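A.B. asks: show me how the following folds:
(one chain, ligands or ions: 2)
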Amino acid sequence: MSSDQRIVHYNSARFNKSAAKLHQCPEDIGAEVAFAGRSNAGKSSAINTLTNNGKLARTSKTPGRTQLINFFDLNLEGVRLVDLPGYGYAKVPVEMKVHWQKHLGEYLEKRQCLQGVVLVMDIRHPMKEFDQMMVEWCENSQMPLHVLLTKADKLKKGPAQSTMLKLRKELQAVLGDLVTVQTFSALKKQGVDQLRNRLDHWLLPEETDFESEVITEE
Ligand SMILES: Nc1nc2c(ncn2[C@@H]2O[C@H](COP(=O)(O)OP(=O)(O)OP(=O)(O)O)[C@@H](O)[C@H]2O)c(=O)[nH]1
Ligand SMILES: [Mg+2]
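C.D. replies: Ligands and ions are numbered 1, 2, ... in the order given. Model (predicted):
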């Protein structure tokens with residue numbers, strides 16, 4: 001295997017497919033990271049910034065833009081990013097909300113290849129009801145969680161930093177090492193390396209520690 005096959009090239013992301021139901025998702029093998037969060041939080045924008053491709057995931061000023069589960073392939077076989085539909089948009093008809101909740105729930109519960117959840121929150125409005133629900137779900141299922149406090153450009157650096165530190169403390173008290181928290185801005189392209197490092201950690205299988213494999217003869 002060439003060393004290049006051990007590196008995730010986020011810039012290589014390509015649209016794979018959209019799914020309304022679990023059975024329409026790509027085969028449940030490989031490794032996936034899903035971006036979840038309230039409607040309009042900035043999930044699709046974060047994916048576009050991460051992949052350096054402004055046209056990859058559709059973004060909109062109108063909440064509720066992403067209504068399907070969208071899958072994006074990366075350069076490594078079976079390694080994907082997933083853009084989940086936003087939660088909590090009031091103008092979506094009730095039957096659609098029910099449909100959405102059912103399929104998001106199914107995706108989260110059943111998807112074996114899911115390695116971690118990036119929970120995207122607007123830094124000005126963190127930890128709303130949906131976010132609480134996702135944190136609880138991660139706790140119950142021991143799913144690694146990375147909280148992206150986005151739109152950090154909307155706050156001054158000091159308040160942004162203290163919001164992040166406070167939330168990190170609160171979440172680590174519940175989730176321990178399972179959770180990481182960072183500030184982010186799609187507009188200013190801030191926090192991209194930190195996000196990439198976290199995702200690398202989830203998407204790349206553990207490096208083989210050859211030294212520990214040396215069998216010592218007695
Ligand atoms: N200032 C600023 N605006 C942002 C940032 N990220 C996203 N936005 C804006 O927020 C709005 C919503 O962004 P999206 O990325 O479409 O949000 P989403 O979470 O994918 O929304 P849904 O698909 O409806 O769930 C758009 O108008 C974006 O331009 C950011 O870091 N800074
Ligand atoms: Mg979206």
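
A.B. asks: so which strand or helix has residue 181?
C.D. replies: Residue 181 belongs to strand 179-183 when assigned by DSSP states H and E.

A.B. asks: just the buried positions in the next helix or strand after that strand, please.
C.D. replies: Sequence-wise, the next helix or strand downstream of strand 179-183 (DSSP H and E) is helix 192-203. Buried residues in helix 192-203, counted by 16 or more other C-beta atoms under 10 Å: 192, 195, 198-199, 202-203. Where C-beta positions appear, they are placed from N, C-alpha and C, glycine not excepted.

A.B. asks: show me the helices in the chain, by range?
C.D. replies: 43-50, 94-110, 129-141, 157-175, 192-203, 210-213 (DSSP state H).

A.B. asks: run the chain-centre distance for the third one.
C.D. replies: Right, helix 129-141. 14 Å (C-alpha atoms, centre = their mean, to the nearest Å).

A.B. asks: that one and ligand 1 in contact?
C.D. replies: No: Helix 129-141 lies out of reach of ligand 1 by C-beta under 6 Å from any ligand atom, never closer than 10.8 Å.

A.B. asks: what does the chain put close to ligand 1?
C.D. replies: With C-beta under 6 Å from any ligand atom as the criterion, the chain comes near ligand 1 at residues 37, 39-45, 59-61, 63-66, 85-86, 150-151, 153-154, 185-187.

A.B. asks: inside strands: which ones of these?
C.D. replies: The strands, defined by DSSP state E, take in 37, 150 from the residues of the chain next to ligand 1.

A.B. asks: can you tell me which of the residues of the chain next to ligand 1 are buried?
C.D. replies: Buried members of the residues of the chain next to ligand 1, counted by 16+ other C-beta under 10 Å: 37, 39-45, 59, 63-66, 85-86, 150-151, 153, 185-186.

A.B. asks: first-to-last residue distance for stretch 144-164?
C.D. replies: This stretch, stretch 144-164, spans 18 Å end to end (C-alpha to C-alpha, to the nearest Å).
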